[in-house]
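Q: Sequence first, then the predicted structure, then my questions.
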Amino acid sequence: MYLTSRQDLAEYCLRQLGAPVLNIEVADEQLDDAMESAIEFYQEYHFDGTERDLLKHKIVGTQLTLDNVTGLTIGQALTANNTSAYVVSITGNVVEISKMVGEYDWTGTTITLDNVTGLAVGQTLTDGTTSATVKSISGLSVEISVMTGGPDWVVGATLEGPGVTPPEYIITAISQITLTSSAGGSYVIEEITLGDPDLGYLPISEHVQSVVRVLPMMGYSEGLFDITYQLRMNELWDLSSVKMSYYTTSMEYLSMLDFLLRKERSFRFNRRMNRLYLDINWKDDIKVGYYLIIDCYRAVSDTDFPEVVNDPWLKEYATVLVKRQWGANLRKYNGIALPGGMVLDGERIYREAEEAKVRMEQELINNQAPLKFMMG
């Protein structure tokens, strides 16, 4: 039978253990846990559980939602609180900017409440007409998203949080940052979403397990001024009269210059954080809108590639985990006699599954392809 999902895999495991002839006493939640553990171990150690991939990442600037964009154009400088940035793009009232440079980073609309009891990031506040989402909490100060649905809140307004008996909060102060453009315009920040340069890291998919290197998606220059294009156009216009050895030598020389003058970017990555930190000068070394290529290994997702759950090793290992959980559930009834003279032996089921689990894990880890060593 061809399996296409975790649910199919779970049902396969139950059938292997005797269902529906036998009642396999494992809860649905325990089945889900066993499938999750099996697939995680498969992705961690099985050679078919990961793949090397090249991910393209566009550097995204901080997004400002302003009260208006009248007279604002790309390239203008915005300034507030001894901090400045340049406009990169404008979409509606949302403005993308370069890295903020100065004393203090800007924030969106911040309200001060009389209390924050029970309030959490992501919750919605409302006065019955206008609502906004909590983005961050610091003391009694709460940064919120753009207020929608009605008129903006004012000091003294009473807000309600979520819940059957929603808690109440009274606004004691409202703070918004006003920007001044190089053309003399005035703009109020209603909401801000920090981009890569201001965060100082790149968000990475949870499926990425390791990063090998980070490469810029560009050459020495672009278009007609690219050095490789010029070399081919000027020196190799007639292949019948030019030796390829000259071209090969030139390209090797350019590769050496590239290695010496454009070092690969130093980075730090921890898969549990889902963040890729680049040790660069975010203001000068990279610009908003540029692309980076991330050479990495990432787990093969069973959601994107259902064929994963048909792997013979994974099916056997998942069955062992379900059997182990079944035995763990029955151990507390060990030795109880059933009608017909049968006796429950959960301890034996658990022990057999545990031994099989340890054996399969050791075989998989020990039989992996050997590491590649570089000698020189």
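A: Perfect, I can see it now. Note that the structure is a prediction, hence the values are computed from the model and not measured.

Q: Can you tell me the element E96 falls in?
A: Per DSSP states H and E, E96 falls inside strand 94-97.

Q: same check, this time on P197
A: Secondary structure here is read from DSSP H and E; on that basis P197 sits in helix 196-199.

Q: C-terminal to that helix, what's the next element?
A: Downstream of helix 196-199, the next assigned helix or strand under DSSP H and E is strand 201-203.

Q: That following strand: which residues count as buried?
A: Residues of strand 201-203 classed as buried: 201-202 (neighbour count, 16 or more other CB atoms under 10 Å). Any C-beta I mention is one placed from the backbone N, CA and C, and that applies to glycine too.

Q: do stretch 145-154 as well
A: 145, 147, 153.

Q: R351: which of these is nearest?
A: If you rank the buried residues of stretch 145-154 by distance to R351 using CB to CB, S145 comes first, at 54.6 Å.

Q: just checking, the closest one touches T133?
A: Yes. Taking contacts as CB atoms under 8 Å, S145 lies within contact range of T133: 4.3 Å.

Q: Can you tell me the SS state at V308?
A: Secondary structure assignment for V308 (DSSP: H, G, I helix; E, B strand; the rest coil): helix.

Q: That one: what's it in contact with?
A: Applying CB atoms under 8 Å, 6 or more residues apart in numbering, we find V308 in contact with 39, 42, 48-49, 300-302, 314.

Q: Show me the shaky parts of the stretch 151-300 of the chain.
A: Regions of the stretch 151-300 of the chain meeting the criterion pLDDT under 70 cover residues 217-243, 258, 261-265.

Q: ok, residues contacting the helix ranked longest in the chain?
A: Secondary structure of the chain per DSSP state H: the longest helix is helix 346-366. Contacts of helix 346-366 with the rest of the structure, by CB under 8 Å, 6+ apart, involve 41, 45-46, 313, 316-317, 320-321, 323-324, 326-334.

Q: how about that helix as PDB, C-alpha atoms only?
A: As requested, C-alpha coordinates have been extracted for helix 346-366 and formatted as PDB (Å, rounded to 0.1, in the frame of the first residue of the first chain):
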ATOM      1  CA  GLY A 346       3.400  -5.200  28.700                       C
ATOM      2  CA  GLU A 347       7.000  -5.400  30.000                       C
ATOM      3  CA  ARG A 348       8.000  -7.900  27.400                       C
ATOM      4  CA  ILE A 349       6.400  -5.800  24.600                       C
ATOM      5  CA  TYR A 350       8.200  -2.700  25.800                       C
ATOM      6  CA  ARG A 351      11.600  -4.600  26.200                       C
ATOM      7  CA  GLU A 352      11.400  -6.100  22.700                       C
ATOM      8  CA  ALA A 353      10.600  -2.700  21.200                       C
ATOM      9  CA  GLU A 354      13.300  -0.900  23.100                       C
ATOM     10  CA  GLU A 355      15.900  -3.500  22.000                       C
ATOM     11  CA  ALA A 356      14.800  -3.100  18.400                       C
ATOM     12  CA  LYS A 357      14.900   0.700  18.700                       C
ATOM     13  CA  VAL A 358      18.400   0.800  20.000                       C
ATOM     14  CA  ARG A 359      19.600  -1.700  17.300                       C
ATOM     15  CA  MET A 360      18.100   0.200  14.400                       C
ATOM     16  CA  GLU A 361      19.400   3.500  15.600                       C
ATOM     17  CA  GLN A 362      22.900   2.100  16.100                       C
ATOM     18  CA  GLU A 363      22.900   0.400  12.700                       C
ATOM     19  CA  LEU A 364      21.800   3.600  11.000                       C
ATOM     20  CA  ILE A 365      24.400   5.800  12.700                       C
ATOM     21  CA  ASN A 366      27.200   3.300  12.300                       C
END
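
Q: Show me what the helix or strand where T133 lies is in contact with.
A: With secondary structure defined by DSSP H and E, T133 is part of strand 131-138. For strand 131-138, the external contacting residues (CB under 8 Å, 6+ apart) are 108-109, 116, 119-126, 142-149, 153, 191.

Q: buried subset of those residues?
A: Buried, going by 16+ other CB under 10 Å: 108-109, 116, 119, 123, 125-126, 142-145, 147, 153, 191, out of those.
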